[in-house]
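1. just to be clear, the model below is a prediction. Sequence and coordinates:
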Protein chains: 2
Amino acid sequence: MKISAEEAARCLRAADDVLILMHRNPDGDAIGSGLALCHVLRSLGKRARVLCADPFPRSFKFLEETYTQDSFVPKTIVAVDIADPQLLGSLSQYAAQVDLCIDHHISNTLYAEKTYVVPEASSTAEVLMEIFDLLGVSVDQTVATCLYTGMATDTGCFKYGNTSPHTHRCAARLMEVGIPYAEINYHFFDCKSKARLLIERAALDSMEFHFNDRCALLVISKQMLAQTGADAADYDGLSGMARQVEGVEVGITIREQENGEYKVSLRTAFSLDASAICKSLGGGGHKQAAGCTLKGSLEQVKQTLLCAVETALTGGKS
Amino acid sequence: MKISAEEAARCLRAADDVLILMHRNPDGDAIGSGLALCHVLRSLGKRARVLCADPFPRSFKFLEETYTQDSFVPKTIVAVDIADPQLLGSLSQYAAQVDLCIDHHISNTLYAEKTYVVPEASSTAEVLMEIFDLLGVSVDQTVATCLYTGMATDTGCFKYGNTSPHTHRCAARLMEVGIPYAEINYHFFDCKSKARLLIERAALDSMEFHFNDRCALLVISKQMLAQTGADAADYDGLSGMARQVEGVEVGITIREQENGEYKVSLRTAFSLDASAICKSLGGGGHKQAAGCTLKGSLEQVKQTLLCAVETALTGGKS
């Protein structure tokens, strides 16, 4: 059932011993929102703790440091930034038990007993600010840092189309609390690990252009990962690189898996449907970002992909 | 003489036939602010035009398209975003004739008859918004696009420490006018020309690490520029790449010049003084970003630089 912000605030005020769930592969908004809510509930004298199927990426250690574990049998279960119970990962036992979900994804499946979802919000962090206002809590530096991190990481630092005037005004308020926003932004948007730089270099070296530069393709092999020492946190975001090139309508990233299969990520310009291309290859996704998994040699995989892309670029005409 | 925002607004209201000067090598704030002021003065029924020693980089063509030239003998000369008359470049004949300067650089030399400078402002665009409010003009989409571009480019899209809560609130107001902010940000912060990508790849391939990864060095040779077809707009910003690597305290970029000399750019972490290192090599600059020009073979240039960096890293102890 969808509820209003006021009802969500009332739920939280009435709740105690709150378990806060985050989605698997947690990102800045999941972690920032989950920890912010946990801190705020504790400041209201309640017991609260967060739970996630996967460990936090190391770039979020600075947020994790503000958090201490708390042990209790939960009476209330709150999901933040989780659009679908499938995103609980190994915590699926909680899927049918979520009392309250706070989210910003239009795709929210309304699996929780009560759901407050604001699709116009940039991030769940932005949604939480409204609820915290209704709760009458004054946001401290720890909470402001968590919320700013959620908002900044989900908007590419106020860069993407999901940023609204309201997002900017929320950021202004958080900055006024006194947070190290320049350091946070350097950390997430300007600083790269050496391994990330090396895997980026290797990926760039593999880049090929096709169809009059309308398609760019890059490969991340097991060997590259081994040679550079890059892990998941390092190659996260690499799949955007190919599409960044001016004039490129389809960016393809092919990542070799441990089992020898190839995981393919496709990013497209507005004119092309990535999800349709990937569906034709047994995958799926969104209109501008989709994926599939292919078997065979790297050359075969490339040929399969380029063939499907060519069909899409020529509008199905051969 | 320093003046208040109110006086600056009064000056502009009284002015006519206004020539607006921008600094050489104009950036987003120079162009955005200059064009915004020009549009606003015209909306007040005045004649106005902009002038710059250098052509606008091609990435600003979309702003230039909103502008038409106007021919008249100027009665008032206004400089925007110009801290020092030296930055007029080949327009130095105007140095002693500037009636009003609007700027945000703390280093402004107060060369104009009247100067309104706000060092806390992120950008001259932010300063202009205050003045436009005092003038009572309502900012239209064209002006809002110019101002947003100035603000976003000077703050790295609200990423850097010069961004204030007020900057965010200004951005919110500009977005409410209805501007293609996501497209602007994609254009400036996510999109790369193929030549830029290729020169980045070549530069990354040249990257060396020294002193336990505390120093990273990259080279841009004449050959690389020729092979990739990259021009100044493409390699702009490359000098930040070396310093972006986690743990790197000194990032060195060596760019081979047409005459065979090497132009060196140094970026340092807060702990090190780039300007001191470059001064010891006959150059200069700011504490975290400085430069010098060196002669000799590439190997000699590298050795000279690494020697100076080593001295700085070991605190002068050998």
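-> Sure thing, it's come through. Numbering: from 1, shown residues only, chains lettered A, B, ... in the order given.
2. need the residues of the stretch 51-200 of chain A near chain B, please.
-> Within the stretch 51-200 of chain A, the positions near chain B by C-beta under 8 Å from any C-beta of the partner chain are A:156-161, A:163-166, A:168-169, A:171-173, A:175-176, A:181-182, A:185-186, A:189-194, A:197, A:200. Any C-beta I mention is one placed from the backbone N, CA and C, and that applies to glycine too.
3. now, of these, which are buried?
-> A:156-160, A:163-166, A:168-169, A:171-173, A:175, A:181, A:185-186, A:189, A:191-194, A:197, A:200 (16 or more other C-beta atoms under 10 Å in any protein chain shown).
4. hmm, back to that, restricted to strands, list the residues of the stretch 51-200 of chain A next to chain B.
-> Using DSSP state E, no member of those sits in strands.
5. rewinding a little: and the buried ones among the residues of the stretch 51-200 of chain A next to chain B, which of them are in helices?
-> A:165-166, A:168-169, A:171-173, A:175, A:181, A:185, A:194, A:197, A:200 (DSSP state H).
6. now those residues in JSON lines, with pLDDT?
-> As requested, these are exported to JSON lines (pLDDT from 0 to 100):
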{"residue": "A:165", "pLDDT": "98"}
{"residue": "A:166", "pLDDT": "98"}
{"residue": "A:168", "pLDDT": "98"}
{"residue": "A:169", "pLDDT": "98"}
{"residue": "A:171", "pLDDT": "98"}
{"residue": "A:172", "pLDDT": "98"}
{"residue": "A:173", "pLDDT": "98"}
{"residue": "A:175", "pLDDT": "98"}
{"residue": "A:181", "pLDDT": "97"}
{"residue": "A:185", "pLDDT": "96"}
{"residue": "A:194", "pLDDT": "91"}
{"residue": "A:197", "pLDDT": "91"}
{"residue": "A:200", "pLDDT": "92"}
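7. ok, and what's touching the lowest-mean-pLDDT helix or strand in chain A?
-> Lowest on mean pLDDT, DSSP states H and E among the helices and strands of chain A sits helix A:232-235, with a mean of 78. For helix A:232-235, the external contacting residues (C-beta atoms under 8 Å, 6 or more residues apart in numbering or on different chains) are A:57-59, A:193, A:195-196, A:199, A:220, A:225, A:228, A:255.
8. ok, now stretch A:298-318?
-> A:210-211, A:214-215, A:217, A:219, A:221, A:249-250, A:252, A:254, A:256, A:262, A:264, A:272-273, A:276-277, A:280-281, A:294-296.
9. what's the PyMOL syntax to select whichever of these are buried?
-> Listed next is the PyMOL selection for buried residues among these, using 16+ other C-beta under 10 Å:
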select buried, chain A and resi 210+214+215+217+219+221+249+250+252+254+256+262+264+272+273+276+277+281+294
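10. pLDDT weak spots in the stretch 151-300 of chain A?
-> Across the stretch 151-300 of chain A, nothing is flagged by pLDDT under 70.
11. change it to 90
-> Residue ranges of the stretch 151-300 of chain A with pLDDT under 90: A:190, A:192-193, A:229-240, A:269-271, A:284-289.
12. residues in contact with the closest residue to chain B within the stretch 1-150 of chain A?
-> Distances between the stretch 1-150 of chain A and chain B by C-beta to the nearest C-beta are smallest at residue A:59, namely 10.0 Å. Contact partners of residue A:59, counting by C-beta under 8 Å, 6+ apart, are A:187-188, A:233.
13. hmm, residue A:204 is touching residue B:194, no?
-> No. Using C-beta atoms under 8 Å as the test, residue A:204 is too far from residue B:194 to be in contact (11.9 Å).
14. ok, which residues in the stretch 201-318 of chain A are in contact with chain B?
-> Counting by C-beta under 8 Å from any C-beta, the stretch 201-318 of chain A sits next to chain B at A:201, A:204-205, A:207, A:209, A:213, A:240, A:244-247.
15. can you rerun that using 10 Å?
-> A:201-205, A:207, A:209, A:213, A:216, A:240-248 (C-beta under 10 Å from any C-beta of the partner chain).
16. and the buried ones among those residues, selectable in PyMOL?
-> To isolate the buried subset of those in PyMOL, counting by 16+ other C-beta under 10 Å, use the following:
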select buried, chain A and resi 201+202+203+204+207+209+216+241+242+243+244+245+248
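17. could you check the angle the strand or helix carrying residue A:151 makes with helix A:165-176?
-> Following DSSP states H and E, one finds residue A:151 within helix A:141-155. For helix A:141-155 against helix A:165-176, the angle by axes from the mean of the first three to the mean of the last three C-alpha atoms, to 10 degrees is 150 degrees.
18. show me what helix A:141-155 is packed against.
-> Under the contact criterion of 3 or more C-beta pairs under 10 Å, 6 or more residues apart in numbering or on different chains; DSSP states H and E, helix A:141-155 touches helix A:28-43, helix A:61-64, helix A:124-135, helix A:165-176, helix A:181-185.
19. which of the ones you listed sits most buried?
-> Greatest average neighbour count among the helices and strands packed on helix A:141-155 goes to helix A:28-43 (a mean of 26), per mean count of other C-beta atoms under 10 Å in any protein chain shown.
20. each with direction, which strands does the helix or strand just after that helix pair with?
-> For helix A:28-43, the succeeding helix or strand toward the C-terminus, using DSSP H and E, is strand A:48-51. Using DSSP bridges, the strands paired with strand A:48-51 are strand A:18-21 (parallel).
21. and residue A:96, how many neighbours?
-> Other residues lying near residue A:96 total 10 when counted by other C-beta atoms under 10 Å in any protein chain shown.
22. now do the contacts for it.
-> Residues in contact with residue A:96 (C-beta atoms under 10 Å, 6 or more residues apart in numbering or on different chains) are A:85, A:111-113.
23. most neighbours among the residues you listed, which one?
-> When neighbours are counted by other C-beta under 10 Å, residue A:112 leads these with 27 neighbours.
24. isn't that residue up against residue A:78?
-> Yes. Using C-beta atoms under 10 Å, residue A:112 is in contact with residue A:78, at 8.5 Å.
25. mind listing the shared neighbours of these two?
-> Between them, residue A:112 and residue A:78 share these contacting residues under C-beta under 10 Å, 6+ apart: A:21, A:98-102.
26. report the central residue of chain A.
-> residue A:27 (4.7 Å; C-alpha atoms, centre = their mean).
27. which ones are touching the spatially closest residue to that residue that is not a sequence neighbour?
-> Excluding the flanking residues, the one nearest residue A:27 by C-beta to C-beta, 6 or more residues apart in numbering or on different chains is residue A:153, at 6.3 Å. Residues counted as contacts of residue A:153 (C-beta under 10 Å, 6+ apart) are A:27-32, A:59-60, A:123, A:125, A:184-185, A:188-189.
28. ok, residue A:259 - contacts?
-> Contact analysis of residue A:259 by C-beta under 10 Å, 6+ apart lists A:293, A:295.
29. fine, thanks again, bye for now.
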